[in-house]
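**Q** I would like the atomic coordinates for the input below:
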Amino acid sequence: MTDRLQAVQREEQLKSALAAENTRDITHANGNAKASFLNSRFSFDMAVVERELRDSIIGQDSAIDEVLEILKVVRADIGDPRKPLASLLFCGPTGVGKTETVRTIARALYGDADAMCRIDMNTLAQEHYAASFTGAPPGYVGSKEGTTILDQEKIEGTRNLPGIVLFDELEKASNEVVLALLNVFDNGLLTVASGERTYSFRNAIIFMSSNLGARDLMALNDERPGLLAILKGQTGDRRTRAQDIVMKCLLERFPPEFVNRIDHVDTFNWLGRETMPDLVDVELDRLNRRLAKHDVSITINDAVRDFLSEQGYDKRFGARGLRRAMRRHLEFPLATFLLEPGTKMGISDSGGTITLAAERRDDGIVFGYV
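**A** Here you go, the predicted structure:
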């Protein structure tokens, strides 16, 4: 009995920790206020979605603009009812915000970044794992149940909100799994191998992410056009050339009939050094949400922000490199400060939220009370 109570307590603590990181109080205004003549089944507020994306995804303005255009079509409810609401493929380097964009949309719609059916396609890299996606064939164990790794409730969404599906790292999936998606894109339905069950994606927005073409995109980003090319006007639009590189890589990996069924392919940029200060602020906001359960918040000055930006910038790894730098240079000394006996007494006796100020000193960061 004691073990069961402890297990329940651990589960509640984990849920609370995840909620502090993933959830947000989201209030959608009446979605029909600006277009009362529309008889749309969806009522989410585009302004809320745009604000969340602009605040959370840094350095990807063009990609966000294109995503918002797709979401407007969904909001207006003018798509083909026999297909998914939209299918989008996000391509680009690692750590630039592809998966985080989908999580942000889920948080903007449902108030929870995990309110989506996420399938990590690297877990379906081997041929015999395809059954976990399409169901066991007739005659095999589990075929009658039609059990798969798909979450039907999250796929179908709610009465007035679309479901969100993410196929993460698409290129790592086996060819059998990729081919199973053809029917999903074409008619919005996936029937398991035994025929016992059918999943409907017609009320869902399907997102996919891929790192295909990352090396070629890096070479394009580092490329300096020669004088002759400039004089001949052959430099071209860099974003158009990036799209061409991604499309070439997609066609090398996937069959043309699969690529042709994707509504929109979006290319994410490399994160430049100039985006780091804004990313530091985004990560700091997340850290403060995690610290809220301890009634603690921290502030940083420009010197600390510049230091973290410099330490965290690595073009190859994007925002993930910054997160590692913030853990090493900010969270490590913060944890040491919070665990000191004197700090504990100061926090427990003061009442309310304690604000700590981070400052640069020598080769590191130190904390003090505000």
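
**Q** which residues are in contact with residue 298?
**A** If a contact means C-beta atoms under 8 Å, 6 or more residues apart in numbering, then residue 298 has 284, 287, 288, 291, 334, 355, 356, 357, 358, 367 as its contacts. (Each C-beta comes from the backbone N, C-alpha and C, glycine too.)

**Q** pull out the buried residues from the residues you listed.
**A** Using 16 or more other C-beta atoms under 10 Å as the burial test, the contacts of residue 298 include 284, 287, 288, 291, 334, 356, 358, 367 as buried.

**Q** which residue sits closest to the fifth one, ignoring its sequence neighbours?
**A** Closest residue in space to residue 334, ignoring its immediate chain neighbours: residue 367 at 6.2 Å, by C-beta to C-beta, 6 or more residues apart in numbering.

**Q** what about that neighbour, which SS state?
**A** strand (DSSP: H, G, I helix; E, B strand; the rest coil).

**Q** hey, what's it bridged with?
**A** Bridge pairing for residue 367 (DSSP bridges) gives the partners residue 358.

**Q** against residue 330, how distant is it?
**A** 9 Å (C-beta to C-beta, to the nearest Å).

**Q** so what sits against both of the two?
**A** residue 358.

**Q** could I get the contacts of residue 298 as TSV with distance to residue 264 and pLDDT?
**A** What follows is the contacts of residue 298, written out as TSV (distance: C-beta to C-beta, whole Å; pLDDT from 0 to 100):
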residue	distance to residue 264	pLDDT
284	32	96
287	33	95
288	35	95
291	38	93
334	41	95
355	44	92
356	44	94
357	45	94
358	41	95
367	45	92
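
**Q** how about whichever strand or helix holds residue 280: buried residues?
**A** Using DSSP states H and E, the element containing residue 280 is helix 276-291. Neighbour-count burial for helix 276-291 flags 276, 279, 280, 282, 283, 284, 287, 288, 289, 291 (criterion: 16+ other C-beta under 10 Å).

**Q** including distance to residue 302, could these go into JSON lines?
**A** Below are the buried residues of helix 276-291 laid out as JSON lines (distance: C-beta to C-beta, whole Å):
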{"residue": "276", "distance to residue 302": "13"}
{"residue": "279", "distance to residue 302": "15"}
{"residue": "280", "distance to residue 302": "11"}
{"residue": "282", "distance to residue 302": "16"}
{"residue": "283", "distance to residue 302": "16"}
{"residue": "284", "distance to residue 302": "13"}
{"residue": "287", "distance to residue 302": "18"}
{"residue": "288", "distance to residue 302": "18"}
{"residue": "289", "distance to residue 302": "22"}
{"residue": "291", "distance to residue 302": "21"}
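
**Q** any weak-confidence spans in the stretch 151-300 of the chain?
**A** Across the stretch 151-300 of the chain, the ranges flagged by pLDDT under 70 are 223-236.

**Q** show me where it has its helices.
**A** 152-156, 175-187, 214-222, 227-231, 238-253, 256-259, 276-291 (DSSP state H, counting those that start in this stretch).

**Q** Throw those helices into TSV and include distance to residue 324, thanks.
**A** Output for the helices of the stretch 151-300 of the chain, formatted as TSV (distance: least, C-beta to C-beta, whole Å):
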stretch	distance to residue 324
helix 152-156	30
helix 175-187	31
helix 214-222	19
helix 227-231	38
helix 238-253	27
helix 256-259	34
helix 276-291	11
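
**Q** let me see the contact set for the residue minimising distance to the centre of the chain.
**A** Nearest to the geometric centre of the chain sits residue 100, at 2.1 Å (C-alpha atoms, centre = their mean). When contacts are counted by C-beta under 8 Å, 6+ apart, residue 100 touches 56, 57, 319.

**Q** of these, which is the nearest to residue 107?
**A** Lowest distance from residue 107 to the contacts of residue 100 (C-beta to C-beta) belongs to residue 56, with 8.2 Å.

**Q** for the closest residue in space to that closest one that isn't next to it in sequence, grab the count of nearby residues.
**A** Of all residues not flanking residue 56 in the chain, residue 104 sits nearest, at 4.6 Å (C-beta to C-beta, 6+ apart). Neighbourhood size, residue 104 [other C-beta atoms under 10 Å]: 22.

**Q** measure residue 316 to residue 214 for me?
**A** In terms of C-beta to C-beta, residue 316 sits 9 Å off from residue 214.

**Q** compare the two and say which is more crowded by neighbours.
**A** residue 214 (20 against 12).

**Q** so the residue nearest to residue 56 touches residue 51, yeah?
**A** No: Residue 104 is not in contact with residue 51 according to C-beta atoms under 8 Å; the separation is 10.3 Å.

**Q** and the strands in this protein, which stretches?
**A** Ranges of strands within the chain are 86-91, 117-120, 163-168, 189-191, 198-200, 204-210, 264-267, 296-300, 354-361, 364-369, based on DSSP state E.
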